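Engineer: Fold the following.
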Amino acid sequence: MNSNQLNENEYNPYYKFYIEALGEVNLIEALTASFEELMQIIRDLPEEKLIFQYDEGKWTIKELLQHLIDTERIMSYRALRFSRNDATELQGFDENWYVDNSNGNDRNINDLLEEFKCARRASISLFKSFTDEMLANFGTANGSNMTVRALGFIITGHQIHHLNIIKERYL
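Structural biologist: Take a look at the predicted model:
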């Protein structure tokens, strides 16, 4: 599954930035490569960098990492539900509320990275399990229709977006 196979009607326009930033990529390869790049950049950062905020009210790298974990789990859950033809409309989530209630800054970075590794491996396994028909299934989340395959590219594009912010504002 390549990103150039997506149509704009498969996701909310809010996610267009994430998907277009990927260029033409294979979903599984992009999930793997983006994960490896993030791990390489974050794993050896000193604690003061991990809890640094570049401006008042902005998240730290630890909080960003927890946000990526939470978002990946939510998007993968949506993909699973949609792949199984579940017509139940799924609610959105408030990312700021999740971060505020995550205790991310008090967590050990190795634990956060291990959790992210587990979440990403689970996502990769999940998306590998889908047939082409399942990948094309639509569902509704947060008031928007989207396909299973779009959710996979959103996971990747979202993570790359935050990795770029880390590179530009934290390092």
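
Engineer: Let's check: the centremost residue of the protein is which one?
Structural biologist: The residue lying closest to the centre of the chain (C-alpha atoms, centre = their mean) is residue 155, at 3.2 Å.

Engineer: Name the nearest residue to that residue, ignoring sequence neighbours.
Structural biologist: Spatially, and ignoring its direct neighbours in sequence, residue 155 is nearest to residue 75 (4.9 Å; C-beta to C-beta, 6 or more residues apart in numbering). Where C-beta positions appear, they are placed from N, C-alpha and C, glycine not excepted.

Engineer: Wait, the one you found touches residue 154, no?
Structural biologist: Yes: with contacts counted by C-beta atoms under 8 Å, residue 75 reaches residue 154, the gap being 6.0 Å.

Engineer: pLDDT wise, what is the nearest residue to residue 74 once chain neighbours are set aside at?
Structural biologist: Distance criterion C-beta to C-beta, 6+ apart; nearest residue to residue 74, sequence neighbours excluded, is residue 93 at 5.9 Å. Per-residue pLDDT puts residue 93 at 95.

Engineer: and what of the one 10 residues further on?
Structural biologist: For residue 103, the pLDDT comes out at 95.

Engineer: now do residue 53
Structural biologist: pLDDT, residue 53: 95.

Engineer: Please apply the same query to the one 5 residues further on.
Structural biologist: Here the pLDDT value assigned to residue 58 is 96.

Engineer: Tell me which residues touch it, please.
Structural biologist: residue 169 (C-beta atoms under 8 Å, 6 or more residues apart in numbering).

Engineer: repeat that for 7 Å
Structural biologist: Residues counted as contacts of residue 58 (C-beta atoms under 7 Å, 6 or more residues apart in numbering): none.

Engineer: now residue 144
Structural biologist: So residue 144 contacts residue 12 (C-beta under 7 Å, 6+ apart).

Engineer: Distance check, it against residue 14.
Structural biologist: 8 Å (C-beta to C-beta, to the nearest Å).

Engineer: got it, and residue 93?
Structural biologist: Note on residue 93: its distance to residue 14, by C-beta to C-beta, is 14 Å.

Engineer: Of residue 75 and residue 154, which one has the most company?
Structural biologist: residue 154 (25 against 20; other C-beta atoms under 10 Å).

Engineer: Next up, the contacts around residue 156.
Structural biologist: Counting by C-beta under 7 Å, 6+ apart, residue 156 touches 22, 30, 31, 34.
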